[in-house]
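>>> Pasting the sequence and the predicted model now:
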Amino acid sequence: MARINVTNLHKSFGSFTAVKNSTFTVDDGDFFCLLGPSGCGKTTTLRMIAGLELPTSGEIRLAGEDVTFKPASQRDIAFVFQLFALYPHMNVRQNIAYPLKNIGMAAGEIDRRIAEAARTLRIAHLLERAVNGLSSGDRQRVALGRAIVREPAAFMMDEPLGALDAEFRHIMCGELRALHNRLKATTVYVTHDQLEAMSMGDKIAVMNEGVIEQSGSPQEIYDRPASMFVADFIGSPPMNFLSFGGSLVKGGREIAIGIGRQRVPELRVDMPAADYVLGVRPEHVQISESGPIRGEVFGSEYLGTTQIVTINTAEGQVRARLSSDVSLRAGDRLGLEFRPEKLSIFARATGRAIPTALHDGGHR
Amino acid sequence: MNGNRTAYSVVEPSHITKRIAGSIVVAYAMLTLIPLVWIVLTAIKSPPDSISYPPKVIPWVHFEPTIEGFCNLFTTRSRQTPEYLATLPPARGICESQARAKNMVVVSESKYIPRFLNSVIIAFGSTALAVFLGTLAAYGFSRFRVPLKDDLLFFILSTRMMPPIAVAIPIYLMYRELGLQDTRIGMILLYTSVNVSLAVWLLKGFIDEIPREYEEAAMIDGYTRLQAFRKVVLPQAATGIAATAIFCMIFAWNEYAFAVLLTSGDAQTAPPFIPIIIGEGGQDWPAVAAGTTLFLIPILVFTVLLRKHLLRGITFGAVRK
């Protein structure tokens, strides 16, 4: 098992830059998710760690050893592909045995490890089957089997659940996490699905256009997004953005927005007059006739215990997660206020979060 | 089913359609087979039977089969006086006896067997070389970022855009300068250069169809790229390689124009040799037919051996999911 250090990793394909100066650390035994929309460079990053792609510049260390330009075969890493990549001319047992045969392991040890992996993944009854006849879930289990029998220093997983149907994906999600809890192997997991990342990851790095926008625990990323991109990408429905202007004063606890003032986490910096954005999670929106924002109900989606109400305001559309008891109809006019300690403030121009008490936990 | 059809299937052809289609296929196959059957029949006729009118069709009924054609193919004979023949020891072998009956003696073996061997060596040699080079090139084009890839691929294809015989004279002059004229290696190189473009394009299609993840998985599992290519890509591409080999083989085996132009002796292949037989002492159709019949056999065997790949191969990987 090993820690992975990625420093200033850069990758260009001709004039296109896929990954820009990425730096992050995956701690020993962590389940690390690289999350982002398609084309954001997350798979390229993963492939560079595995050695399937060579970086343009930067450094990758695996358990302290510089492996940046080592071929994939010389890194102690297993890779699980989205499309399984099981060898079609071999049966399940041969597929799982393949990486072990390559390193010349004794037949008895191979059998022992296969039996153990098959028990862990509950595929013992499939060992003599051809891979072509298997369901996609079983195929992915076999692919996982092929990865875990090697007992590698780290696992790379490239959207391993992407080819499964929704119901199965949910089951495999749980199984993968359970498997990780048992093996405690360092894992880098690439996905574009925030639910997978949030439910499985110890740490998440959100990528966009080749840049890691933020990395941290799922809660950190959800509660304290470092940029509007992260805030918008994580959460369903995503964070609401409300425009306001003016200057921000260090130590200030209020901003002027709409027709009144809204309390916010204490500001840690002075900012000149400019356009800013207040970020509000839907569950932190409350109806209040004295609130600074006035709006008109556009519609609502009933979700059982809660409902998502869409409200048009002058500052932007707001989606609020409210109790289903609240009865609202399209066209109703109402006032809104927000839970102050949970609010984020972003600079409109850069999209980056403005430091507040939210980030250092110093809210009083 | 059960006769009480409730709806017509749009996709599945009906019984009658299937039967009609089947009959057409069978009729067409028989039509195309007639020339082949006629060649084989001619090969076992005597020269007078081969040109008789109305034609003699069914062996043992219309004519008596004979191996005279094959004897004439494999030997050269000369006419002698009966007095001289009487002084000779008794004939040995069927061909000798047949020649004696016509007041002839077998002088030597003909050149057919060496020419046939030339064909085998040149066709197999150039096929192997073209497929080998084609597979490597196709893999490279398929998997790596080759600078000017599209231009190079178009260049390779463009070598097929004019009939090869259009460059016959330059090639003839080049070969004379290089001493490749009438050599097997020269013919192998020539057929390879014609076939390799076909091989690259066909095989690139097949290799593109093989997901890269297979090789990548193998490399992760501890193989070098070359090992991954050998152990994972080649078995997957076997169908395409077999189909490509058949196409190359058929071209090299049948090629006539360059063979006539560039070979005359040591390296002459069977296609230019077979017509020469006609000229030797009257038109000996059974000998020509016998030469042709034997010439068909290797390509037949080769195709039959690889046929299970061929059908999948000519659908260009459409079968693979």
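Structure's in. What do you need? Numbering: from 1, shown residues only, chains lettered A, B, ... in the order given.
>>> Going by C-alpha atoms from here, please, whenever you check contacts or count neighbours.
OK.
>>> burial of B:Leu148, as a residue count?
9 (other CA atoms under 10 Å in any protein chain shown).
>>> A:Leu54 now?
Close neighbours of A:Leu54, defined as other CA under 10 Å, add up to 19.
>>> Look at it and give its secondary structure.
Assigned with DSSP: H, G, I helix; E, B strand; the rest coil, A:Leu54 falls in the coil class.
>>> Please give the element, helix or strand, for the residue nearest to it when sequence neighbours are not counted.
Ranked by CA to CA, 6 or more residues apart in numbering or on different chains and with sequence neighbours excluded, the top spatial neighbour of A:Leu54 is A:Met48, at 5.7 Å. Using DSSP states H and E, A:Met48 falls within helix A:42-50.
>>> quick one, longest helix in chain A?
Determined from DSSP state H, the single longest helix within chain A is helix A:166-183.
>>> Can I take it that A:Phe84 is in a strand?
No. Using three-state DSSP, the secondary structure at A:Phe84 is coil, not a strand.
>>> Can you tell me which residues in the stretch 151-300 of chain B are near chain A?
B:211, B:213-214, B:216-224, B:232 (CA under 8 Å from any CA of the partner chain).
>>> Let's have these in TSV, adding pLDDT and distance to A:Lys70.
Output for these, formatted as TSV (pLDDT from 0 to 100; distance: CA to CA, whole Å):
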residue	pLDDT	distance to A:Lys70
B:Pro211	86	23
B:Glu213	86	19
B:Tyr214	87	20
B:Glu216	89	14
B:Ala217	89	16
B:Ala218	89	16
B:Met219	89	12
B:Ile220	88	12
B:Asp221	85	14
B:Gly222	84	12
B:Tyr223	86	13
B:Thr224	87	11
B:Val232	86	21
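>>> Looking at those residues, which are in helices?
Judged by DSSP H, these include B:213-214, B:216-220 as members of helices.
>>> list the contacts for residue 229?
I'll assume chain A. For A:Phe229, the contact set (CA atoms under 8 Å, 6 or more residues apart in numbering or on different chains) comprises A:208, A:213, A:351.
>>> not quite, I wanted chain B
Per CA under 8 Å, 6+ apart, neighbours of B:Phe229: B:Glu215.
>>> Assign the residue in the stretch 1-150 of chain A that chain B sits nearest to to helix, strand or coil.
Minimum separation of the stretch 1-150 of chain A from chain B (CA to the nearest CA) falls at A:Ser73, amounting to 4.0 Å. Classification of A:Ser73 using three-state DSSP returns helix.
>>> who touches it in this structure?
By CA under 8 Å, 6+ apart, the contact set of A:Ser73 is B:219-224.
>>> Can you lay out those as CSV showing distance to B:Val120?
Shown next, in CSV, are the contacts of A:Ser73 (distance: CA to CA, whole Å):
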residue, distance to B:Val120
B:Met219, 39
B:Ile220, 42
B:Asp221, 41
B:Gly222, 41
B:Tyr223, 37
B:Thr224, 36
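>>> relative to helix B:212-220, how tilted is the helix holding A:Met48?
In terms of direction (axes from the mean of the first three to the mean of the last three CA atoms, to 10 degrees), helix A:42-50 departs from helix B:212-220 by 30 degrees.
>>> Check what contacts helix A:42-50 and list those residues.
By CA under 8 Å, 6+ apart, helix A:42-50 touches A:18-19, A:34-36, A:53-55, A:60, A:68, A:72, A:75, A:77-79, A:156, A:158, A:188, A:190, A:207, A:210, B:220.
>>> quick one, what contacts the residue nearest to B:Pro82 when sequence neighbours are not counted?
Excluding the flanking residues, the one nearest B:Pro82 by CA to CA, 6+ apart is B:Asn103, at 6.4 Å. Contacts for B:Asn103 were tallied using CA under 8 Å, 6+ apart; they are B:79-82, B:85.
>>> By neighbours, which of the residues you listed wins?
Compared across the contacts of B:Asn103, B:Leu85 has the highest neighbour count, 16 neighbours, by other CA under 10 Å.
>>> does the residue nearest the centre of chain B sit in a helix or strand, and which one?
Nearest to the geometric centre of chain B sits B:Ile250, at 3.5 Å (CA atoms, centre = their mean). Assigned by DSSP H and E, B:Ile250 belongs to helix B:234-254.
>>> before we move on, what about A:Gly252?
Per DSSP H and E, there is no helix or strand for A:Gly252.
>>> per-residue confidence for it?
Per-residue pLDDT puts A:Gly252 at 89.
>>> so how far is A:Pro355 from it?
Remark: distance between A:Gly252 and A:Pro355 (CA to CA, to the nearest Å) = 12 Å.
>>> How about B:Thr192?
In this view, B:Thr192 and A:Pro355 are 70 Å apart by CA to CA.
>>> List just the nearest of the contacts of A:Phe229 to B:Tyr139.
Closest approach between the contacts of A:Phe229 and B:Tyr139, by CA to CA: A:Asn208, at 32.8 Å.
>>> what's the burial count for the closest one?
A:Asn208 has 23 nearby residues by other CA under 10 Å.
>>> quick revisit: if you rank the ones in helices among the residues of the stretch 151-300 of chain B next to chain A by neighbours, which is first?
Going by other CA under 10 Å, B:Ala217 tops those with 28 neighbours.
>>> wouldn't that one be in contact with A:Ala85 here?
Yes. The pair B:Ala217 and A:Ala85 passes the contact test of CA atoms under 8 Å, sitting 6.7 Å apart.
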